[in-house]
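> make a model of this:
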Amino acid sequence: MKKGILPLLAAACAWSWPSVMIRMLKPDFDIYTQNFFRYLAASIFLSVIGILFMRKKLLDAVSSMKLLLIPAIIMSIHQVFFTTGVFKTSAVMSSLLGRLNAVIIPALSCIFYEDERKVVINRHFIIGALVSFIGVTGVIIGRGSNQIEGFGTGALFIIIATTCWSIYAVYIKKLVRSVDPIAIITFVSIFSTIVFFPIAYLFGDIPKITHVSTEKQILLLGSGILGVGIGNIFYYHAVKHVGTSISAVFFLLMPLSVGFIGFMILGETLTMMQMVSGSILIAGCWIVTKLAKNKSSRAAKQKGSL
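Next comes the predicted model:
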């Protein structure tokens with residue numbers, strides 16, 4: 001169980017920061033420049049890790065290079081819409097809307113993966129998902145009217161980004177069975193950087209990074225290493241053990257962590273209704289986590305009886 005749940009916690013922690021960092025860097029860097037430097041930093045970080053510790057696995061992944069082009073394109077589209085959505089909404093709201101992947105991923109997984117179909121129809125999964133979404137709905141409603149200009153467009157962009165991410169997550173599940181996860185995210189990041197460069201060159205401001213403080217440079221590059229690099233490494237590892245459906249529902253916890261960080265750094269606040277709804281959300285995630293534990297225990301017993 002720890003092989004799946006602990007990486008989920010680590011990934012959730014890593015992914016709680018990028019949307020906050022995007023908002024923090026908004027006054028200094030446009031959407032396209034942020035995307036380029038974030039993925040450039042992630043590519044360099046992951047390449048160094050791969051060369052130092054898993055050179056053979058990187059070389060083995062070269063044979064799957066063509067298969068990695070598809071998720072790289074999907075990831076690039078996701079990132080453009082997500083960053084734009086965060087610019088137009090807020091860190092915590094983008095995280096809340098992003099939890100729609102808990103519906104989209106299981107729907108896609110049911111179509112392509114038989115093992116995920118068994119999880120989704122389990123009554124514990126259904127109850128946990130329903131309780132979690134009740135909590136998410138309460139958090140959204142509890143925020144009240146949003147006065148941010150362009151919020152509606154931003155919300156739509158986040159939903160599009162979430163759909164792209166869901167397609168990406170389901171596609172990746174098949175690849176991690178034969179290609180090392182770190183190798184996957186390394187090449188996906190490199191390809192995405194190549195895609196972002198001409199976009200940032202034409203519509204962004206690449207030289208701007210030399211005109212800001214060292215702290216902001218570190219924040220921009222660090223957001224890529226943390227969100228794109230470290231977060232994805234833990235996510236891929238978790239998916240191999242608990243599946244995409246359980247992972248998606250578990251990440252319903254993220255609005256709470258993003259809300260806390262957003263409050264401490266950006267001044268975004270939670271109402272009492274949001275706090276109560278957040279507790280309901282946690283309860284739903286606990287039900288799903290318990291299902292994963294029971295599934296893992298049954299699998300271990302079956303293996304031991306053979």
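
> for the rest of this, base every contact and every neighbour count on C-alpha atoms.
OK.

> excluding chain neighbours, give the residue nearest to Leu220 in space.
Leaving aside its chain neighbours, Leu220 sits nearest to Arg38 (6.4 Å; criterion: Cα to Cα, 6 or more residues apart in numbering).

> assign the one you found to helix, strand or coil.
Using DSSP: H, G, I helix; E, B strand; the rest coil, the secondary structure recorded for Arg38 is helix.

> residues near Leu100, how many?
Using other Cα atoms under 10 Å, the number of residues around Leu100 comes to 20.

> can I assume it is in contact with Ala161?
No. Leu100 is not in contact with Ala161 according to Cα atoms under 8 Å; the separation is 10.3 Å.

> which residues touch the residue nearest to Leu220?
Contact partners of Arg38, counting by Cα atoms under 8 Å, 6 or more residues apart in numbering, are Leu220, Leu221, Gly222, Ser223, Gly224, Ile225, Val228.

> go on, Cys285?
Here Cys285 is in contact with Gly128, Ala129, Ser132, Val249, Phe250, Leu252, Leu253 (Cα under 8 Å, 6+ apart).

> now with 10 Å?
Counting by Cα atoms under 10 Å, 6 or more residues apart in numbering, Cys285 touches 125, 127-133, 246-253, 279, 291.

> likewise for Glu268?
Applying Cα under 10 Å, 6+ apart, the residues near Glu268 are Ser90, Ala91, Val92, Met93, Val258, Gly259, Phe260, Ile261, Gly262.

> now Leu175
Applying Cα under 10 Å, 6+ apart to Leu175 gives the contacts Ser64, Leu67, Leu68, Pro181, Ile184.

> next one: it from Ala183, what distance?
11 Å (Cα to Cα, to the nearest Å).

> now the common contact residues for these two.
Leu68.

> quick check: of the contacts of Arg38, which lies closest to Ile51?
Ile51 lies nearest to Ile225 out of those, by Cα to Cα, at 16.2 Å.

> so which bits of stretch 184-204 are buried?
Within stretch 184-204, the residues that qualify as buried are 184-197, 200, 204, counting by 16 or more other Cα atoms under 10 Å.

> nope, stretch 40-51 is what I was after
For stretch 40-51, a neighbour-count test (16+ other Cα under 10 Å) marks Leu40, Ala41, Ala42, Ser43, Ile44, Phe45, Leu46, Ser47, Gly50 as buried.

> nearest to Leu6, of those residues?
Ranked by distance to Leu6 (Cα to Cα), those are led by Leu46 at 20.8 Å.

> low-confidence ranges, the stretch 201-306 of the chain, go.
By pLDDT under 70, the weakly predicted segments of the stretch 201-306 of the chain are 244-245, 248-249, 270, 274, 289-306.

> for it, which segments count as helices?
214-223, 231-250, 254-266, 272-305 (DSSP state H, counting those that start in this stretch).

> those helices: which one's closest to Arg23?
Checking the helices of the stretch 201-306 of the chain against Arg23 by Cα to Cα gives helix 254-266 as the closest, at 8.2 Å.

> still on that earlier bit, turn the buried residues of stretch 40-51 into a markdown table, columns for distance to Leu266, pLDDT and secondary structure.
Converted to a markdown table, the buried residues of stretch 40-51 look like this (distance: Cα to Cα, whole Å; pLDDT from 0 to 100; DSSP: H, G, I helix; E, B strand; the rest coil):
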| residue | distance to Leu266 | pLDDT | secondary structure |
| --- | --- | --- | --- |
| Leu40 | 26 | 96 | helix |
| Ala41 | 24 | 96 | helix |
| Ala42 | 24 | 95 | helix |
| Ser43 | 28 | 95 | helix |
| Ile44 | 29 | 95 | helix |
| Phe45 | 27 | 94 | helix |
| Leu46 | 29 | 93 | helix |
| Ser47 | 32 | 93 | helix |
| Gly50 | 35 | 89 | helix |
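
> out of the residues you listed, give me the two with the largest separation.
Leu40 and Gly50, at 15.2 Å, using Cα to Cα across those.

> can you tell me which of the contacts of Leu175 has the most neighbours?
Most neighbours among these, by other Cα under 10 Å: Ile184, with 26 neighbours.

> report the contact partners of it.
So Ile184 contacts 57-58, 61-62, 64-65, 67-68, 71-72, 172, 175-176, 232-233, 236 (Cα under 10 Å, 6+ apart).

> weed out the non-buried ones from those residues.
Lys57, Leu58, Ala61, Leu68, Pro71, Ala72, Ile172, Val176, Asn232, Ile233, Tyr236.

> from Val48, how far off is the last one?
In this case it means Tyr236. 19 Å.

> residue contacts, Ile233?
7, 10-11, 46, 180-186, 226-227.

> should've said Leu25
Ser19, Ile31, Gln34, Phe87, Lys216, Gln217, Leu219, Leu220.
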